[in-house]
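Trainee: Any chance you could fold what I've pasted below:
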Amino acid sequence: MIPDVVIEKRNQLIQDRYCVIDNILTQEFLDELRRESDRMLDNVEHPPTWEYQGSGLHASQRKKIKQKHEKNQD
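Mentor: As a prediction, this is how the structure comes out:
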């Protein structure tokens with residue numbers, strides 16, 4: 001990566017809190033990462049109290065806990 005691009009990406013990271021660096025990971029590594037992620041997700045047990053938001057991953061309960069707490073304060 002040329003120095004100008006490095007500076008641009010660094011500035012974007014500072015400003016936006018993320019940046020995209022194209023072609024940094026090999027296809028082989030991405031395939032391995034996908035296989036391992038699938039394996040881990042296939043073996044996870046989901047408690048019935050978890051909520052799903054389309055991704056099938058654990059969603060935070062903070063909002064519901066806060067709403068319940070506020071309701072109890074009334």
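
Trainee: Quick one: residues in contact with the helix or strand in which residue 11 is found.
Mentor: Using DSSP states H and E, residue 11 sits within helix 3-16. Here helix 3-16 makes contact (CB atoms under 8 Å, 6 or more residues apart in numbering) with 1, 18-19, 21. All C-beta spots, glycine's among them, are computed from the backbone N, C-alpha and C.

Trainee: CA atoms only: put that helix into PDB for me.
Mentor: Output in PDB follows, covering the C-alpha atoms of helix 3-16 (Å, rounded to 0.1, in the frame of the first residue of the first chain):
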ATOM      1  CA  PRO A   3       2.000   6.000   1.800                       C
ATOM      2  CA  ASP A   4      -0.800   8.300   0.500                       C
ATOM      3  CA  VAL A   5      -3.300   5.500   0.700                       C
ATOM      4  CA  VAL A   6      -2.100   4.500   4.200                       C
ATOM      5  CA  ILE A   7      -2.600   8.100   5.400                       C
ATOM      6  CA  GLU A   8      -6.000   8.200   3.800                       C
ATOM      7  CA  LYS A   9      -7.100   5.000   5.400                       C
ATOM      8  CA  ARG A  10      -5.800   6.100   8.800                       C
ATOM      9  CA  ASN A  11      -7.700   9.300   8.600                       C
ATOM     10  CA  GLN A  12     -10.800   7.500   7.600                       C
ATOM     11  CA  LEU A  13     -10.400   5.100  10.500                       C
ATOM     12  CA  ILE A  14     -10.000   8.000  12.900                       C
ATOM     13  CA  GLN A  15     -13.000  10.000  11.500                       C
ATOM     14  CA  ASP A  16     -15.400   7.100  10.700                       C
END
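
Trainee: so after it, what's the next helix or strand?
Mentor: Next element after helix 3-16 (DSSP H and E): helix 27-42.

Trainee: buried residues in that next one?
Mentor: Buried residues in helix 27-42, defined by neighbour count with 16 or more other CB atoms under 10 Å: none.

Trainee: For it, name the packing helices and strands.
Mentor: The contact analysis (3 or more CB pairs under 8 Å, 6 or more residues apart in numbering; DSSP states H and E) places helix 27-42 against no helix or strand.
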